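Colleague: Task: produce atomic coordinates for the following.
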Amino acid sequence: MFEALYTVLLDTMRVKSIQFTITMSFILITVIVMLIVSLVLYNKFSRTAEESAFLNTQQVIEQVQFNLEHYIKGMADNFEVVDAKIAKSYGIPSDKLLEQLETIASTREDIVSIHLFTADGGLVTGIPTTEMRKNTRLLEQSWFKSALDNPNHLTFSLPHIQNLFKDPYKWVVSMSKGVSIQKDGKWVEAVLLVDVNFKTLDDVFRTVSLGKKGYVYIIDDSAGNIVYHPQQQLIYIGLKYENVEQALKFSYGKYMDVSDGESRLNVVRTVNNIGWKIIGVSYMDEMVTTRKEISTFMIWLLVIVLVFILLISSFMSARISQPIKRLKKSMEMVEKGHFDTYIHVRGADEVEQLSRRFNLMVSRVRELMDQSIHEQETKRKNELEVLQSQINPHFLYNTLNSVVRMVGNGKNEDVVKTITSLSKFFRISLSKGKNIITIGEEIEHIRNYLIIQKMRYKDKFDYDIQVDEEVLTYKTLKLILQPFVENALYHGIEYMVDVGLIHISVGKVDEKILFEIRDNGVGMSEETLKNILTGHVKSEKGSGVGLRNVHERIQLYFGSEYGVKVESELEEGTTVKVWIPVVMEDE
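Modeller: Numbering: from 1, shown residues only. Model (predicted):
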């Protein structure tokens with residue numbers, strides 16, 4: 001900066017050498033003093049700001065710890081009330097006890113259910129009085145085993161989906177305890193379960209503010225399992241995104257770590273009586289924002305002093321130096337990423353031209369960045385569409401090879417038919433990025449696929465498609481038929497000596513849509529049939545989408561009551577039934 005300023009002043013004051021000397025001396029002394037004072041103040045204020053940020057983070061986490069302990073104590077007190085009511089009840093189950101439990105549950109909105117089980121998993125009583133689901137594996141659930149292993153000790157579970165009853169699934173924390181009850185005139189061991197809606201805790205933690213990027217998460221102190229995290233999927237996919245091993249070393253303390261190149265302060269507090277650890281994560285670049293504010297203030301102060309000195313020294317020097325400073329500041333803004341910066345063109349001819357060029361440059365850079373962002377978004381969208389379509393490249397390769405052979409044999413009509421079918425096949429596969437299409441489009445997609453395969457395999461197989469007209473406009477997930485037809489060809493019919501047959505039918509059965517794909521191929525063994533939807537059966541051939549993928553997509557989108565069912569016998573063929581709900585076109 002000094003060299004540039006020196007050159008400017010030298011050019012403008014070449015005739016007035018004394019004025020130049022005085023001006024330069026005054027400026028240099030002023031700048032040096034200002035820099036020293038600014039550096040001292042900056043370091044002082046920065047340390048104070050950083051210490052204040054640390055203290056503020058600790059205070060926030062301690063307040064979270066207090067609120068959580070208070071909430072857990074309230075839940076535990078309610079549990080003890082329930083336990084006391086059960087201990088005083090005789091002849092369980094009884095209407096009086098059920099009425100008392102309903103009264104207790106009505107006092108707190110976060111209580112989801114209160115139930116009492118025998119040690120062998122039998123439901124004794126509870127509210128709400130909802131029928132239990134089958135195959136809940138109650139005896140294997142962690143809260144149940146903990147209650148039996150540690151009788152008379154209140155146990156808190158990790159957050160989980162309550163799947164015991166036929167009510168809608170809810171995200172809960174289970175409190176359980178082994179108790180003794182009088183049932184049928186005998187004292188028997190039992191397990192008391194109180195489920196609390198985890199959304200209440202989730203709402204509390206989401207209100208905690210540690211800057212724009214900071215957050216709070218909770219782990220248990222036994223295995224470091226995540227109890228709560230604002231990114232809820234981390235509870236399922238593991239702990240590699242958080243340094244929980246370091247957190248487990250502390251009951252009360254703090255440590256630094258680095259995530260994605262950013263320094264983070266982690267403050268750890270332990271919740272009494274339950275053993276959960278609260279970890280507050282604050283990003284250092286946000287905690288020391290005051291540094292940037294101080295830096296900006298110092299820069300502005302220095303600029304004002306320099307402008308003032310320059311105005312006093314020489315009007316001409318000010319006219320030349322000010323536009324250059326504005327240009328410099330604009331470049332600094334651009335360097336920081338503010339590409340909406342614009343310079344009002346003023347000053348000498350050279351400065352005016354430089355400002356115009358700078359504005360043109362910034363405008364062009366902004367256009368290129370917008371173009372790059374658009375191209376990257378388009379690229380990601382295209383990549384996602386390609387991944388979602390999941391078309392087997394070998395199918396395209398083999399089809400094009402078949403087209404080449406047909407062209408060589410002069411079968412132009414077959415070439416046109418194959419290319420047309422291939423075009424329609426890929427058009428529906430892509431579906432403009434949509435994941436939901438009509439059943440008519442899905443049938444057209446599989447029809448084109450079979451036409452292409454028929455061209456390749458000639459007399460190896462025949463097919464027929466029967467569809468109720470009523471269901472053609474209903475909606476379905478796309479690409480749910482191709483994997484099964486492809487498996488029928490590659491695994492069932494290809495190894496046959498006789499001509500294979502693939503039969504596809506679609507209809508409405510019991511207010512559901514049934515897709516049925518049946519072939520007369522070689523079939524499969526019971527072991528293969530048993531593992532076909534678990535992903536344990538692998539082959540070098542087959543659909544890139546996969547049977548298990550289709551089954552999971554359907555259940556994820558429509559629910560567990562829908563999906564894929566496979567029936568097969570060796571040398572008898574295979575039948576695949578795909579069930580989905582009736583989804584109207586306007587839904």
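
Colleague: Give me the buried positions along the longest strand anywhere in the chain.
Modeller: If you go by DSSP state E, the chain has its longest strand at strand 170-183. Neighbour-count burial for strand 170-183 flags 170-179, 181, 183 (criterion: 16 or more other C-beta atoms under 10 Å). No exception for glycine: its C-beta is placed from N, CA and C like everyone else's.

Colleague: Which of these sits closest to residue 507?
Modeller: residue 170 (36.0 Å; C-beta to C-beta).

Colleague: Could you list which residues are in contact with the closest residue to that closest one other than its chain neighbours?
Modeller: Nearest residue to residue 170 in three dimensions, chain neighbours excluded: residue 162, at 5.1 Å (C-beta to C-beta, 6 or more residues apart in numbering). By C-beta atoms under 8 Å, 6 or more residues apart in numbering, residue 162 lies in contact with 112-113, 169-172, 174, 195.

Colleague: try residue 559
Modeller: Listed by C-beta under 8 Å, 6+ apart, the contact set of residue 559 reads residue 581.

Colleague: quick one on the thing from earlier: tell me the one of the buried residues of strand 170-183 nearest residue 374?
Modeller: Of the buried residues of strand 170-183, the one sitting nearest to residue 374 (C-beta to C-beta) turns out to be residue 171, at 38.8 Å.

Colleague: does the closest one really touch residue 196, like I thought?
Modeller: No - judged on C-beta atoms under 8 Å, residue 171 makes no contact with residue 196 at a distance of 10.3 Å.

Colleague: tell me the domain ranges of the chain?
Modeller: Annotated domains of the chain cover 89-200, 393-581 [automatic domain parsing].

Colleague: how about those, which one is nearest residue 335?
Modeller: domain 393-581 (37.5 Å).

Colleague: tell me how far the closest one is from the chain's mean position?
Modeller: 31 Å (C-alpha atoms, centre = their mean, to the nearest Å).

Colleague: quick one on the thing from earlier: from the buried residues of strand 170-183, which two are the most distant?
Modeller: 171 and 183 (31.5 Å).

Colleague: Give the residue spans of the stretch 451-587 of the chain that score low on pLDDT.
Modeller: For the stretch 451-587 of the chain, residues meeting the criterion pLDDT under 70 lie at 533-546, 585-587.

Colleague: mind listing the strands for it?
Modeller: Taking DSSP state E, counting those that start in this stretch, the strands of the stretch 451-587 of the chain run over residues 461-467, 475-477, 500-509, 512-519, 563-569, 573-581.

Colleague: Residue 190 sits in which helix or strand?
Modeller: In this assignment (DSSP states H and E), residue 190 forms part of strand 186-197.

Colleague: That strand pairs with which strands, parallel or anti?
Modeller: Strand pairing for strand 186-197, using DSSP bridges, gives strand 111-118 (antiparallel), strand 170-183 (antiparallel).

Colleague: Of all these, which one is nearest residue 277?
Modeller: The nearest among those, by C-beta to C-beta, is strand 170-183 at 15.7 Å.

Colleague: so what's residue 194 scoring on pLDDT?
Modeller: Looking at residue 194, its pLDDT is 90.

Colleague: An error on my part: the question was meant for residue 310.
Modeller: 67.

Colleague: now the strands for the stretch 251-400 of the chain?
Modeller: Using DSSP E, counting those that start in this stretch, strands in the stretch 251-400 of the chain cover 252-259, 262-270, 276-283.

Colleague: Redo these as CSV? Include distance to residue 439, mean pLDDT and mean neighbour count.
Modeller: Below are those laid out as CSV (distance: least, C-beta to C-beta, whole Å; pLDDT from 0 to 100; neighbours: other C-beta atoms under 10 Å):
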stretch, distance to residue 439, mean pLDDT, mean neighbour count
strand 252-259, 47, 82, 13
strand 262-270, 49, 86, 19
strand 276-283, 48, 86, 22
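
Colleague: Contacts for stretch 198-213 next, please.
Modeller: Residues outside stretch 198-213 that contact it (C-beta under 8 Å, 6+ apart) are 57, 60, 64, 67-68, 71, 109-110, 159, 171-173, 215-216, 218, 228, 230, 280-283, 286-287.

Colleague: can you put the domains of the chain in a markdown table and add distance to residue 293?
Modeller: Shown next, in a markdown table, are the domains of the chain (distance: least, C-beta to C-beta, whole Å):
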| stretch | distance to residue 293 |
| --- | --- |
| domain 89-200 | 38 |
| domain 393-581 | 44 |
